[in-house]
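Student: how would this look folded up:
(one chain, ligands or ions: 1)
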Amino acid sequence: MKSPFTTNGREIREEFHKNSKFFSVPSVVNNETLESANSIQYEGRKLMNGSINQYHQEDKAVSIERIPASEVYAVLGTGPEGLSRQEAEERLHLFGSNAIREVGGTSLLFKFLANFIHLMAILLWIAGLVALVAQMPQLAVSIWTVNLINGAFSFWQEYKAEKATEAMRRLLPVYARVLRDGEMQRIQAQELVPGDVLLLAEGDRISADARLVEDAELRVDQSTLTGESLQVRKTSDATKTKSPTRSEVQNIVFTGTSVVSGAGKAVVFATGMETEFGKIARFTQSLGGEASPLQKEMQRVTKLVTAIAVSIGFAFFLLAVVLAGVDLAESFIFGMGMIVAFVPEGLLPTVTLSLAMGVQRMAKRNALIKRLSSVETLGSTSVICTDKTGTLTQNEMTVRNIWLAGRSLSVTGTGYAPEGQILFAGRSLAVSEESDLCRLLLAAGLCNNARLLPPDSETPRWTILGDPTEGALLVLVQKAGLDLDSLRQKIPRLRELPFESRRRRMSTIHRADRSSMAVYVKGAPREVLGRSTRVFMNGSEEPLPGPLREQIMRANDAYARGGLRVLAVAQRTIVESSSGPGLRLSEYTPETVERELTFLGLIAMMDPPRPEVSEAVEKCHRAGIRIIMITGDYGLTGESIARRIGIIREDDSKVLSGADLDAMDDETLKEALQGEVLFARAAPEHKLRIVTALQSMGHVVAVTGDGVNDAPALKKADIGVAMGISGTDVAREASDMILIDDNFASIVNAIEEGRAVYANIKKFTAYIFTSNTPEAVPFILFALSRARIPLALNVMHILAVDLGTDLAPALALGAEPPEPGLMENPPRSLKEHVITRSLLLRAYLWLGPLQSLAVMAAFYFQYWTHGYWGQWLNLPSSGTLYESATAMALACVVTTQIGNLFAQRTERSSVFRIGLFGNRLVWIGIVSELMIIFMVVYVPPLQDIVGTAAFSPGNWLFLFMWAPLLFIADECRKALLRTWERKKLYGGNA
Ligand code: ATP
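Tutor: A predicted model of the protein is given here:
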């Protein structure tokens, strides 16, 4: 990364002229001095160059935390309006992007070398050495060459896999909210520069070191920096203490830490590697990381198979020498052949690449996976716990109804365009004639942090910045024609008590006039009503009688039953006594402020379900995956939406509230989780409890979350799913998967891909294992016949298949699209292994023997058509005829592998259902293997290395005749299997 301080002389000079208050340059500024950027003194440099740096101004040490908040802007060359766009650009140019270099990690060279020193590679090095000692230099060189090619190919696969996961990181940039030119903007965190005014809210990850200038109940989690998971209260007050430790500095927020609650405003003073975090260079993102269970299993399997193959090879070597009386050199080749035939050399890197390709495919379907292991876990997910807003619904709210003084008003218009009317009994209402409505809208508009953005050249429709719930309220206010800007000036906001999902309310405190303050509250109806003692009706304030409370809740329930999200709005006036305000502003807390409220009305908004969700839900039902909605919203609203999209189908399904859950013990909860259930008004800790209970019931649980408090549940779940658009940075960090589009359907797609990846790994494992049989059979026949049946395939031939012709087709199987019916089966158990008995039986005892038959037939075909008709034993075992016969055997392995390739594309359904051309890579694989085999048979230097001789081109007809064998045989097996399964399912009536 470009150092913030190394820049060329001209830039510095220009910067100096533009921004002279920042720089003190040496008195003689010439190009020589400017060559060395370090000789330039930048007043802010020291400030930005240390932890809580001492910044020097005319030799007087001043530190940023000890400056009063009011002076911070001036010191950092900015103002309450933030930087101008141009200034920000210039500073970005000067300081470089706000990026932390990733340090550590294994070097590329080491990773490359690792591919040549693992167990299998070492075995091959030794084998080559033995061949050399046994005076077979050609074989030695060939084995080593193959080992090198294999190592390089494995490295390429790993590298590609790593790049694929790394790319995920770039796909989802981190954002920060800043003030620039006096307007709130969402910019990429990389673009932050010193002097930017950062706006902080709950769940934000802080992306630069910044000095607080305003705070509202701000609490920060600094554990990434200090290791202590305590929440630290931050304020904007200047510190008086001298040299406090890092974590003790109250008025500075650090890169890499996150806002747990509250809000604040801070001015950036250090970015990138100049931040505290940059200096300790601990980069928390852990993509890729440790080997996944599947990779571990594959490592185990490879080791085990290698050990078995080595023992068999050694035993057969002894048998050949002792029993068959074969000479030492031939016995050695024989032993080597057995080892090389059975060891799945290319398997592990192919698994890794296949997982990485799965990750890429998931990304294309809007799900970003952070760890390869999540791909497999997704495949066995049995329960999805999902929240509602934004995931199942569109998170685009439109106010539909207003309850006001006993009347239900309706609102017309769609989306965020402020075009529509407020109607009562078919008549349009003007705000001016309705003081009740005016009050309600005023409160809803001022207790609001969203911004309504008009269409522009980039987005041709009205959009919002901020919380969609609040955005919908702004649209409503505009529809009524209220001028919020002038109201904001007339009744300026003094303080905010931010929305919290646990409290379900938000309040703002405003200066109403010299002696009083106005409090505006909005939140969940029951919660707001519970704190209201009075009601504003027909232009005056009255006590709130019990029957009216019930009437309000009935109206709320009626809206909720229609799937509407309801907010209540209230207000309070705080009159300050003549002796001055009773409380300091910072002492206003939800407890002291949100009470004795005057109820103003209800606002009900529609958030329609996403159109694709119903189908995704149906897919889950068919795939045996349960969906449990855990919403913060009201029970009736949640239930209505859940029914509409098919999550709840039974009449007697349970709707449990957070309070119900609190009253339950774990056993009762587990019982409730057996049936159809929905959780409403649930807080994040309830989510954690539900996930834990489901896991203890043996489920593999995926859970969605967006808030900072969802982090524990996201971490606890087998798959934590965070939202890319609406989620907080903290939730995203705690998750395993991020949905780019926040859409439930993307979770289901990812599960499907997860299942497909697992199935694909099984496919190419079976593909590779199948060809091991015809590779081993010639050696067995050779030994059993006491060398009277010539060896149909030698070690080099086997390597040419395993590390040559088989590679591209195996990769193609790794990229197979999900098989039909994949989502019709129940989830796989996490305990299930890739290499099952049925896989081994199918490879070694079904397809393998058939392939061996074809290979031996091709071998004999060459002899029989050259004057040895009908002769089985004592055929020439050297010379051109022998070499061309081995070439026939080798080519037959390749042509039959084409049939095998198609056979492996499905496990139980007919390949014709997915179409022969569904996977382009399969055809590329076939072309590649045919090209290799043609070269090995007909290109002289390759003939010499592998030990082949050309056979008549007409023989290819015979070889291709065998190509469909494995495919047809396996189609028959699949048809029988399906009939048997149907019979099992429907008794004898299938
Ligand atoms: P889910 O958890 O399914 O996404 P949700 O988004 O409705 O549901 P929360 O955001 O926790 O859950 O909201 C809970 C309740 O708090 C809402 O039903 C609403 O009444 C109230 N609420 C939501 N947003 C705000 C807000 N910005 N200001 C005040 N109250 C709000």
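
Student: Give me the helix or strand of the protein that scores worst on average pLDDT.
Tutor: Least confident helix or strand, the chain: strand 23-24 with a mean of 28, by mean pLDDT, DSSP states H and E.

Student: what's the domain layout of the chain?
Tutor: What automatic domain parsing lists as the domains of the chain is 5-95, 176-287, 367-393+610-749, 398-606.

Student: can I get the ones you listed in TSV with mean neighbour count and distance to the ligand?
Tutor: (Each C-beta comes from the backbone N, C-alpha and C, glycine too.) Listed next are these as TSV, based on neighbours: other CB atoms under 10 Å; distance: least, CB to the nearest ligand atom, whole Å:
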stretch	mean neighbour count	distance to the ligand
domain 5-95	16	24
domain 176-287	20	11
domain 367-393+610-749	21	3
domain 398-606	18	4
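
Student: Rebuild these as a markdown table, extending it with distance to residue 876.
Tutor: Shown next, in a markdown table, are the domains of the chain (distance: least, CB to CB, whole Å):
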| stretch | distance to residue 876 |
| --- | --- |
| domain 5-95 | 74 |
| domain 176-287 | 58 |
| domain 367-393+610-749 | 51 |
| domain 398-606 | 77 |
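
Student: residues contacting residue 454?
Tutor: residue 462 (CB atoms under 8 Å, 6 or more residues apart in numbering).

Student: the strands in the stretch 451-600 of the chain, which residues?
Tutor: Using DSSP state E, counting those that start in this stretch, the strands of the stretch 451-600 of the chain run over residues 451-453, 463-465, 493-500, 505-513, 516-523, 532-537, 540-543, 565-575, 597-606.

Student: average pLDDT for the fifth one?
Tutor: Mean pLDDT, strand 516-523: 95.

Student: quick one: contacts of it?
Tutor: Contact with strand 516-523 is made by 442-444, 446-447, 473, 491, 494, 499, 503-512, 528, 531, 567-576, 593-594, 597, as judged by CB under 8 Å, 6+ apart.

Student: about what we covered before: okay, the strands of the stretch 451-600 of the chain in a markdown table with distance to residue 177 next?
Tutor: A markdown table is the format used below for the strands of the stretch 451-600 of the chain (distance: least, CB to CB, whole Å):
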| stretch | distance to residue 177 |
| --- | --- |
| strand 451-453 | 11 |
| strand 463-465 | 9 |
| strand 493-500 | 14 |
| strand 505-513 | 17 |
| strand 516-523 | 21 |
| strand 532-537 | 32 |
| strand 540-543 | 37 |
| strand 565-575 | 23 |
| strand 597-606 | 24 |
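
Student: closest to residue 414 out of the ones you listed?
Tutor: Closest of these to residue 414 is strand 597-606, at 9.3 Å (criterion: CB to CB).

Student: for that closest one, packing partners?
Tutor: Where contact means 3 or more CB pairs under 8 Å, 6 or more residues apart in numbering; DSSP states H and E, strand 597-606 is packed against strand 398-404, helix 435-446, helix 468-479, helix 525-530, strand 532-537, helix 546-561, strand 565-575.

Student: Paired strands for it, with orientation please.
Tutor: Next to strand 597-606 in the sheet, as set by DSSP bridges, lie strand 398-404 (antiparallel), strand 532-537 (parallel), strand 565-575 (antiparallel).

Student: Using CSV, lay out those strands together with distance to residue 277.
Tutor: As requested, the strands paired with strand 597-606 are arranged in CSV below (distance: least, CB to CB, whole Å):
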stretch, distance to residue 277
strand 398-404, 42
strand 532-537, 45
strand 565-575, 38
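
Student: Please identify which helix or strand holds residue 867.
Tutor: Here residue 867 is covered by no helix or strand, with elements defined by DSSP states H and E.

Student: and it, backbone torsions?
Tutor: phi 90, psi 10 (degrees, to the nearest 10).

Student: For residue 315, find the nearest of the domains of the chain.
Tutor: Proximity to residue 315 (CB to CB) singles out domain 367-393+610-749 among the domains of the chain, at 35.5 Å.

Student: The closest one: end-to-end distance?
Tutor: End-to-end distance of domain 367-393+610-749: 8 Å, with CA to CA, to the nearest Å as the criterion.

Student: and what of stretch 942-955?
Tutor: End-to-end for stretch 942-955, by CA to CA: 20 Å.

Student: on that earlier part again, and residue 846, which of the domains of the chain is closest to it?
Tutor: Closest approach to residue 846 among these is made by domain 367-393+610-749 (25.4 Å; CB to CB).

Student: Run the chain-centre distance for that closest one.
Tutor: Using CA atoms, centre = their mean, to the nearest Å, the distance from the centre of domain 367-393+610-749 to the centre of the chain it belongs to is 16 Å.

Student: likewise stretch 793-801?
Tutor: For stretch 793-801, the distance to the chain centre is 42 Å (CA atoms, centre = their mean).

Student: same check, this time on stretch 594-606
Tutor: For stretch 594-606, the gap between its own C-alpha mean and the chain's C-alpha mean amounts to 38 Å (CA atoms, centre = their mean).

Student: circling back: and the domains of the chain, which one averages the lowest pLDDT?
Tutor: Ranked by mean pLDDT, the domains of the chain bottom out at domain 5-95, with a mean of 53.

Student: Scan this protein for its longest helix.
Tutor: Ranked by residue count, the top helix of the chain under DSSP state H comes out as helix 137-171.

Student: how about that helix: buried residues?
Tutor: 139-140, 142-144, 146-147, 150-151, 153-155, 157-158, 161-162, 164-165, 168 (16 or more other CB atoms under 10 Å).

Student: Mind giving me the packing neighbours of it?
Tutor: So helix 137-171, by 3+ CB pairs under 8 Å, 6+ apart, packs with helix 108-114, helix 119-133, helix 347-364, strand 367-369, helix 795-800, helix 940-946.
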